[in-house]
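Asker: 3D model of this:
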Amino acid sequence: MKKRFWKRLGLGAAAFWLLGPAMGQEFDVRIPMQERSAATFYVSAEIAGLGASDFLVDTGSGYMTINEVTLAALQETGQAEYLKDLSGILANGERMRVPVYRIERLAIGGRCELRDVEAAVFPGKSRQILGLSVLTRTAPFVFSTDPAELRLSCGEGSLAAAGEAPPG
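Answerer: All right, here's what the predicted structure looks like:
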């Protein structure tokens, strides 16, 4: 009985020793969030070289959203491709049909770069949202309010994985 206990303990310690570093590196990028009114949190993200914009982090939104102004700038440089129309229900219960585009590149917080992301386009200059179509690609991820940060698993697409420091 004692022999079996020590054998199991040894196997458990070996597994922890081998898997511990991988578990510690599960979240390779930490992106600070800015808290704004009504307990909303924003991150900075750059879309295909257009410069940094603030995105509302919304785990209740199925898609990343951009506005028509951003779409027009992306289309001028050939970095947005129409994919489909999407019909959905907004938080206020209103049904809306919006186009979905493939965006060539998105860099969240200057540290987590993703390619070929899908974004729904909302009218005018509406608020841009970082939704689950992007966040699930960084899974597992953590949305933390204290400290206010996103912890993302960006893998090979992250500047952190490439050993690069964030800008600034």
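Asker: what about the nearest residue in space to Pro147 that is not next to it in sequence, how many neighbours?
Answerer: With CB to CB, 6 or more residues apart in numbering as the criterion, Pro147 has its nearest non-adjacent residue at 7.7 Å, and that residue is Pro32. Yep, even glycine has a C-beta here, placed from its N, CA and C like the rest. The local packing of Pro32 (other CB atoms under 10 Å) involves 14 other residues.
Asker: list the residues that contact Pro32.
Answerer: 43, 109, 147-149 (CB atoms under 8 Å, 6 or more residues apart in numbering).
Asker: partners of it in the sheet?
Answerer: Counting by DSSP bridges, Pro32 is bridged to Glu149.
Asker: and it, how close does it get to Glu76?
Answerer: Using CB to CB, to the nearest Å, we find Pro32 at a distance of 31 Å from Glu76.
Asker: quick check: bridge partners of Ser44?
Answerer: For Ser44, the beta-bridge partners are Asp54 (DSSP bridges).
Asker: my guess is it contacts Gly109. True?
Answerer: Yes: with contacts counted by CB atoms under 8 Å, Ser44 reaches Gly109, the gap being 5.9 Å.
Asker: coming back round to it: can you select the buried ones from the contacts of Pro32 in ChimeraX?
Answerer: What follows is the ChimeraX syntax for the buried subset of the contacts of Pro32, where burial is set by 16 or more other CB atoms under 10 Å:
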select :43,109,148,149
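Asker: closest to Asn67 out of the contacts of Pro32?
Answerer: Val43 (16.6 Å; CB to CB).
Asker: and that closest one, how close does it get to Phe122?
Answerer: Val43 is 18 Å from Phe122, by CB to CB.
Asker: and what of Arg36?
Answerer: For Arg36 relative to Phe122 (CB to CB), the value is 19 Å.
Asker: quick one, which of these two is more surrounded?
Answerer: Each of Arg36 and Phe122 has its neighbours counted (other CB under 10 Å); Phe122 has more, 21 against 11.
Asker: Ser153 versus the residue nearest to that one when sequence neighbours are not counted, what's the distance?
Answerer: Distances taken as CB to CB, 6+ apart put Thr65 closest to Phe122, at 5.2 Å, once the chain neighbours are dropped. Distance from Thr65 to Ser153, counting by CB to CB: 23 Å.
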